[in-house]
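[1] Dropping a prediction and its sequence here:
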Amino acid sequence: MRHRRIDLPQALWASGTAARAAFDSPALRGVALMFVSTFFFAAMHGSIRYVSASVHPFEIALFRNVFALVVVLPWFYHYGIAPLRTQRFDLHLLRALFNIMAMLSFFYALSITPLSEVTALGFTAPIFTPVLAVLVLGEVVRARRWCAIAVGFLGTLIILRPGFEAVGLGQLLVLFSSMIWACALLIIKTAGRTDSSATIIAYMGILMIPLSLVPALFVWRWPDPLEWGWLIAIGLLGGIGQYCMTESLRQADTAVVMPFDFFKLIWATLIAWLAFGESLDLFTWIGGTVIFGSTLYIAYRERAAQTQA
């Protein structure tokens, strides 16, 4: 029996060519970028949880915005001040105000609540968005999306278990943060009609620094060298995660990449177990899965409605 001789260098070259050809697909690039962004966001949240033992969350939020701006600076080097040209500065300022309220609430919740629970409840933001769109923008939401919203809130109740477990301040802050972030998403949706993604992200980075400085001054303490390292890491992790997520949504359809956002809960649970000794809570996983499934269906229905329009 004759054996076919395999040329190893040729086989490796062929496999590398196939991999490069696969990543020519925008959908696959979008999926890969979303997967990477979930790790960076989970790592940022774990870092915030760790350093909040000695640095106040409001101060962490300030440095997260300062060091995340490093990721945006290459845009200004390449495009000059073009990303700052806008006819709706008022919308960008309002969005920054909502963003900073959501960030401060979320960061404080991370300092007092189990990491996986914060991550699971954080999936509720897209559930609040269509509700607010009905109340504020007068949009029409059909029965199937209302059912998905109801299922999402059921998932929230599974995590909180009111009447069986005490609902803590941290859990309420995450829900408040999600609701405020939903308001910011509506503003992004409105601003996106006239401004580019580069303009929206640039103004977010610039305006949130002075806005986060005000609350940080009330709890100010100069970080030590080790804390500086963690704060720089938090800013870079958040900035890179934001860029990867934004580019992912630009490369591929929302319905294609959003299922991979669930990896955020997987990474967060793993980090919580390894770094903080937090045990796996079955109700958090069940509720998080229900919430995420609901938000995924809402995203799919909104995309379908846009396609029909």
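    On my side now, so go ahead. What you see is a predicted model, and the numbers here were worked out from it, not measured in a lab. Numbers count the residues shown, from 1 in each chain.
[2] Now stretch 92-104: buried residues?
    92, 94, 95, 96, 97, 98, 99, 100, 101, 102, 103, 104 (16 or more other CB atoms under 10 Å). For the C-beta atoms, the positions are set from N, CA and C on the backbone; glycine is no exception.
[3] What is the neighbour count of residue 67?
    Using other CB atoms under 10 Å, the number of residues around residue 67 comes to 18.
[4] Let's verify the closest residue to it other than its chain neighbours: helix, strand, or coil?
    Distances taken as CB to CB, 6 or more residues apart in numbering place residue 235 nearest to residue 67, at 2.3 Å, with adjacent residues excluded. Per DSSP: H, G, I helix; E, B strand; the rest coil, the local secondary structure of residue 235 is helix.
[5] wait, isn't residue 235 in contact with residue 63?
    Yes: proximity of residue 235 to residue 63 meets the contact threshold set by CB atoms under 8 Å, at 6.0 Å.
[6] Identify the contacts common to those two.
    When CB atoms under 8 Å, 6 or more residues apart in numbering defines a contact, no residue borders residue 235 and residue 63 alike.
[7] Might you list the low-confidence residue ranges for the protein?
    Applying pLDDT under 70 to the chain flags the ranges 1-24, 137, 163-165, 254-255, 301-309.
[8] how far out from the middle of the chain is stretch 25-33?
    For stretch 25-33, the separation from the chain centroid amounts to 18 Å (computed by CA atoms, centre = their mean, to the nearest Å).
[9] residues making contact with that stretch?
    22-23, 244-245, 247-253, 256-257, 260.
[10] quick one: buried residues of it?
    Applying 16+ other CB under 10 Å to stretch 25-33 flags 29, 30, 31, 32, 33 as buried.
[11] List the contacts of the residue nearest to residue 67.
    Residue 235 neighbours (CB under 8 Å, 6+ apart): 63, 64, 65, 66, 67, 68, 69, 70.
[12] can we see that at 10 Å?
    With contacts defined as CB atoms under 10 Å, 6 or more residues apart in numbering, residue 235 is in contact with 44, 47, 60, 62-71.
[13] same thing with residue 77?
    So residue 77 contacts nothing (CB under 10 Å, 6+ apart).
[14] re the thing from before, closest to residue 56 out of the buried residues of stretch 92-104?
    Using CB to CB, the shortest approach to residue 56 within the buried residues of stretch 92-104 belongs to residue 104, at 10.4 Å.
[15] element containing the closest one?
    Element membership for residue 104, per DSSP states H and E: helix 89-112.
[16] Just after that helix, pick out the following helix or strand.
    helix 115-122.
[17] who does that next one touch, helix- and strand-wise?
    helix 26-51, helix 89-112, helix 143-160, helix 169-191, helix 263-276, helix 282-308 (3 or more CB pairs under 10 Å, 6 or more residues apart in numbering; DSSP states H and E).
[18] buried sites along the longest one?
    Neighbour-count burial for helix 282-308, with 16+ other CB under 10 Å as criterion, is recorded at 284-285, 287-302.
[19] Double-check residue 275 against residue 50; I have them as touching.
    Yes: the criterion here is CB atoms under 10 Å, and residue 275 meets it with residue 50 at 6.6 Å.
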